[in-house]
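> quick one: sequence and predicted model below, then my questions.
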Amino acid sequence: MEDHKIVQRNLALQREWYGEPLGDRVRRLVVAFDISQAYLADVLGISAPMLSQVMSGRRAKIGNPAVLARLIMLERRILTPGVASGDRVAMQQALDDVRESRPTVDRDALPVHDARADVAAVTALRRVARGEDLLAAAETLGNRHAWLGDLLRRASFPPAQQDR
């Protein structure tokens, strides 16, 4: 199989396994924490070349479950007030905490759900906030966290409008 086909197959597998290509997820972390890929690799506990291969699709998966757990931990930290506001001290503390973590992965440690977890998030957001408040929050984010803004916009519309 030629390289291009291998990369395309690996990216398709990443979408299936991780919900989207890992390159997209890693780039969001690099931007959110304003760090280099090499620094992120160190925080995750993976070599920089391995992270590069995963991002580019030359490798399909992250083989070490603890590395994946740290990636998810950092994704969740993006939403904490200090990190979301760009506070350098809070950002560095989050990175240090994740680097020093020793996550265990067992049947109870990672939630299992269908590939449409965003549906659950939209439903939960609709339960706790009014549509106009969700829309205002999306506008406040602007382009800084586009994926979160999109989620808030989807949640701001009543379910009947979503289905059209």
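Received it, and whenever you're ready, just let me know what you need. Residues are numbered from 1 along each chain as shown.
> for the rest of this, base every contact and every neighbour count on C-alpha atoms.
OK.
> can you tell me which residues contact Ile62?
For Ile62, the contact set (C-alpha atoms under 8 Å, 6 or more residues apart in numbering) comprises Val54, Leu68.
> which of the residues in the helix or strand where Asp24 lies are buried?
Element membership for Asp24, per DSSP states H and E: helix 22-33. Neighbour counts using 16 or more other C-alpha atoms under 10 Å place Leu22, Gly23, Arg25, Val26, Arg27, Arg28, Leu29, Val30, Ala32, Phe33 of helix 22-33 among the buried residues.
> stretch 49-56 now?
Leu51, Ser52, Gln53, Val54, Met55, Ser56.
> what sits up against it?
Residues contacting stretch 49-56 (C-alpha under 8 Å, 6+ apart): Val7, Pro21, Leu22, Gly23, Asp24, Val26, Gln37, Ala41, Arg59, Ala60, Lys61, Ile62.
> what about the third one, distance to Leu134?
Distance of Leu22 to Leu134, given as C-alpha to C-alpha, to the nearest Å: 28 Å.
> who does the helix or strand following the helix holding Asp24 touch, helix- and strand-wise?
Going down the chain from helix 22-33, the next helix or strand is helix 37-44, by DSSP H and E. In this structure, helix 37-44 makes packing contacts with helix 48-56, helix 65-77, helix 88-100, judged by 3 or more C-alpha pairs under 8 Å, 6 or more residues apart in numbering; DSSP states H and E.
> other residues contacting the second one?
With contact meaning C-alpha under 8 Å, 6+ apart, helix 65-77 is reached by 29, 44-46, 62, 83, 94-95, 98-99, 101-105.
> what angle do the longest helix anywhere in the chain and helix 22-33 make?
If you go by DSSP state H, the chain has its longest helix at helix 3-18. Angle between the axes of helix 3-18 and helix 22-33 is 70 degrees (criterion: axes from the mean of the first three to the mean of the last three C-alpha atoms, to 10 degrees).
> for helix 3-18, which residues meet the burial criterion?
Across helix 3-18, burial judged by 16+ other C-alpha under 10 Å covers Val7, Arg9, Asn10, Leu11, Ala12, Leu13, Gln14.
> could those go into JSON lines alongside distance to Ala129?
JSON lines is the format used below for those (distance: C-alpha to C-alpha, whole Å):
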{"residue": "Val7", "distance to Ala129": "41"}
{"residue": "Arg9", "distance to Ala129": "40"}
{"residue": "Asn10", "distance to Ala129": "38"}
{"residue": "Leu11", "distance to Ala129": "35"}
{"residue": "Ala12", "distance to Ala129": "35"}
{"residue": "Leu13", "distance to Ala129": "35"}
{"residue": "Gln14", "distance to Ala129": "33"}
